[in-house]
Each structure stands twice: as structure tokens, then as C-alpha cells.
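Novice: Everything below, folded, please.
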Amino acid sequence: MISVIVAAYNCEKYIEKALQSVFSQTLPENNYEIIVVNDGSTDNTSEILDRYADRIKLITQENKGLIASCNRAIGKASGDFLIRLDADDYFDKELLSASLKILKTNPEFYCTYTDRYEVDELTGKQSTISVGQKNLFDMVACGIMFRKEVFETIGLYENLLFEEYDLMLRFFKKGFNAYYIQKPLYYYVRHKSNMTQQKDYWKNGWKQLADKWGEKELKRWVDIQIKENGESRFSGYIG
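Specialist: Residues are numbered from 1 along each chain as shown. Reported below is the predicted structural model:
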């Protein structure tokens, strides 16, 4: 019923905890599949994944990057519902059952998203991020459960730094509705290897989006973010 998609690249430190968080779901295991794309890992990720060969669908490929890995997994998914899990993050045990219940009983909604915990790997400090209604720029790519037909309608992820924002822009522009679960059910782990820590990541990601969508369209979503939490990291990028 649900396809959980994991793109794995050199994540030996985290991947086991990520997988265990899926196996620990309150939803019975026969209600979901886990598709892991091992994207050319050169550490011990492959050996760890081999231990779970009987519980996951494993795709091994040469390194092609995050977007190609996610799109390949979507193409192999057999579930009616799809959700991504980053290899260095993990699910709350209620995430799948809570999201599935909403989508099964509310056909007018085409995805669910939740609040989340952000965990500092060094200090162990945990903070709660309340996303808010249609607050696109406070969402993360993972932890959002989509009906599979969404991808069949608006297409797959594009090769952008902010692939999740681009996908959700297409989602909302198509007129799809999202259900906001006001409860933190996803754990996002912050560490020095996060893509978001790369130099000029936010600036370059914004430029890619602005080139495609235009600043006028993006400003609508920046205004929603400011309304929800009083500020936006993108305010300074608007001309």
C-alpha cells in the first residue's frame, strides 16, 4: 500500500537507524515496502543494506545523485502512496499509520505533511518545527506522503537544489490539496554533512527556483512563511 523511498549514499553511520524507524512503525509490515537505492556508496553502506535483503527492495547503481535515485525508486514503486525518508533521518513510529488514515478517508487530499523534530547530532538538542498551513518553504522533501497519481500527473523530481519546493509548487499550481498533520512525526538530523551546509546552497537554490518560477510567484510563498513564523531566510533575495 505504501512505498517508502530511501536514497542511500555513504550513509553507514545513519542508515540502520533510518530503516529501523520504518520497521518500528505501528502499521503492520505487510502494508508497506521499502525501496532503497544504493547510489554508488564507497563506505560500508552496501554491507549494512545486505543484512536487510529480505526486508527491503534494493537497487544498486553507479553514483547518479539524489534526484536520479529518488526518481528511479518512484518508477519501481508498487504502492498507492509514496513517502521519502532521508538515509540520515528517521520516522516517528506513528507517521505511516497517521498519514495513511488521512489519505484513505479523505479523497480530496493528495498528500499529508507533518511538523517535525530537528535533532542536532553533536549536542543531541531537539527542537520542534511547526510548519503551518501551505507553508512551502518550511517543508522538507521527506516525511510527505503522496498519492502515487500525483507523480503521474505533475511528473517526477527535477534536478534542482530545491527539488522539494519545485515539486510542491507544481503540486499546488495543479490544484491539489495537502493535509497538514499538526504533530511532529519526522526527525530531521542536523550534521556537518547536510547538503544545506554547503557554501551558497540557499542562494544558488533560490536562483534556480526564481529562474524557473519568477520572483513574483515565489514571493507569495515567502509571504506565507513570514505570516506563519515571522521571518523567511529568502526575504533578502527578493528584488
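
Novice: so where's this protein shaky on pLDDT?
Specialist: 192-199 (pLDDT under 70).

Novice: where does Asn71 land in three-state SS?
Specialist: helix (DSSP: H, G, I helix; E, B strand; the rest coil).

Novice: Looks like it contacts Leu156 (just checking).
Specialist: Yes. Counting by CB atoms under 8 Å, Asn71 does reach Leu156; the two are 4.4 Å apart. All C-beta atoms are positioned from the backbone trio N, CA, C, and that covers glycine.

Novice: Give me the more crowded residue out of those two.
Specialist: Asn71 (21 against 15; other CB atoms under 10 Å).

Novice: Checking my notes, Glu33 in a strand, right?
Specialist: Yes. Counting by three-state DSSP, one finds Glu33 located in a strand.

Novice: That one: how many residues sit nearby?
Specialist: 19.

Novice: now do Ser46
Specialist: 15.

Novice: residues of the one helix or strand it maps to that come out buried?
Specialist: Per DSSP states H and E: Ser46 is located in helix 45-50. Of the residues in helix 45-50, 45, 48-49 count as buried by neighbour count, 16 or more other CB atoms under 10 Å.

Novice: got it, and stretch 56-76?
Specialist: Those buried within stretch 56-76 under the rule 16+ other CB under 10 Å are 56-59, 66-74.

Novice: what's in contact with stretch 220-233?
Specialist: 130-138, 169, 202, 234-235, 238 (CB atoms under 8 Å, 6 or more residues apart in numbering).

Novice: Return a PyMOL selection command for the buried portion of these.
Specialist: Buried members of the contacts of stretch 220-233, defined by 16+ other CB under 10 Å, are picked up in PyMOL with:
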select buried, resi 131+132+134+135+136+137+138+169+234
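
Novice: The contacts of stretch 220-233 into a markdown table, with extra columns for secondary structure and distance to Val189?
Specialist: Shown next, in a markdown table, are the contacts of stretch 220-233 (DSSP: H, G, I helix; E, B strand; the rest coil; distance: CB to CB, whole Å):
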| residue | secondary structure | distance to Val189 |
| --- | --- | --- |
| Ser130 | coil | 19 |
| Val131 | coil | 17 |
| Gly132 | coil | 22 |
| Gln133 | coil | 26 |
| Lys134 | coil | 26 |
| Asn135 | coil | 21 |
| Leu136 | helix | 22 |
| Phe137 | helix | 20 |
| Asp138 | helix | 17 |
| Leu169 | helix | 26 |
| Trp202 | helix | 19 |
| Phe234 | coil | 23 |
| Ser235 | helix | 27 |
| Ile238 | coil | 30 |
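
Novice: Pick the one among the contacts of stretch 220-233 closest to Pro28.
Specialist: Val131 (28.0 Å; CB to CB).

Novice: where's that closest one relative to Lys203, distance?
Specialist: 23 Å (CB to CB, to the nearest Å).

Novice: that older thread, what's the most distant pair in the buried residues of stretch 56-76?
Specialist: Pairwise over the buried residues of stretch 56-76, using CB to CB, the maximum falls at Ile56 and Ile67, 20.7 Å.

Novice: Which of the buried residues of stretch 56-76 lies at the shortest distance from Ala7?
Specialist: Ser69 (3.8 Å).

Novice: Distance to His191 added to the contacts of stretch 220-233, as a markdown table?
Specialist: Shown next, in a markdown table, are those (distance: CB to CB, whole Å):
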| residue | distance to His191 |
| --- | --- |
| Ser130 | 22 |
| Val131 | 21 |
| Gly132 | 26 |
| Gln133 | 30 |
| Lys134 | 29 |
| Asn135 | 24 |
| Leu136 | 24 |
| Phe137 | 22 |
| Asp138 | 20 |
| Leu169 | 28 |
| Trp202 | 17 |
| Phe234 | 23 |
| Ser235 | 27 |
| Ile238 | 30 |
